[in-house]
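Visitor: need coordinates for the following:
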Amino acid sequence: MPIYEYRCPNGHTFELFQRMTDPAPEACEVCGERPVTKVLYPAAIHFKGSGFYSTDYGRGSRRGAAKDGDAGDSGGKEDGKTDSKPSESKAADSS
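Guide: The predicted structure follows:
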């Protein structure tokens, strides 16, 4: 059985342990003022695990695209070669 919180017009709040089908109380338990209203709170939701952060969204599709894109973007950088080595040798040749 859930616990419900009610508020009267005078600002008093009180809790009742009652079934969902039980009727709301007619008057405040503290001062007897009418009518009381049910206080609603947002549900507590805890996101756990992967996939709940902005960095995780769409990761699966990017992995596949990155693998395909890496093969085409090698541009002569095979077997550990870099662009800096040819430029160094060009600088050495010119001096």
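
Visitor: contact partners for the nearest residue to Glu26 once chain neighbours are set aside?
Guide: Counting by C-beta to C-beta, 6 or more residues apart in numbering, Arg34 is the residue found nearest to Glu26 once chain neighbours are left out, at 6.3 Å. Where C-beta positions appear, they are placed from N, C-alpha and C, glycine not excepted. Applying C-beta atoms under 8 Å, 6 or more residues apart in numbering, we find Arg34 in contact with Cys8, Pro9, Glu26, Ala27, Cys28.

Visitor: quick one: the fourth one is in a strand?
Guide: No: under DSSP: H, G, I helix; E, B strand; the rest coil, Ala27 falls outside any strand and is assigned coil.

Visitor: assign a three-state SS to the residue nearest to it when sequence neighbours are not counted, would you?
Guide: Residue nearest to Ala27 in three dimensions, not counting chain neighbours: Arg34, with 4.9 Å by C-beta to C-beta, 6+ apart. Three-state call for Arg34 (three-state DSSP): coil.

Visitor: relative to Cys8, how far out is Arg34?
Guide: For Arg34, the distance to Cys8 equals 8 Å [C-beta to C-beta, to the nearest Å].

Visitor: can you check the pLDDT for the residue nearest to Ala27?
Guide: Predicted confidence (pLDDT) at Arg34: the value is 94.

Visitor: where do the strands sit along the chain?
Guide: 3-7, 13-17, 37-38 (DSSP state E).

Visitor: each with direction, which strands does the first one pair with?
Guide: For strand 3-7, the paired strands and their directions (DSSP bridges) read strand 13-17 (antiparallel), strand 37-38 (antiparallel).
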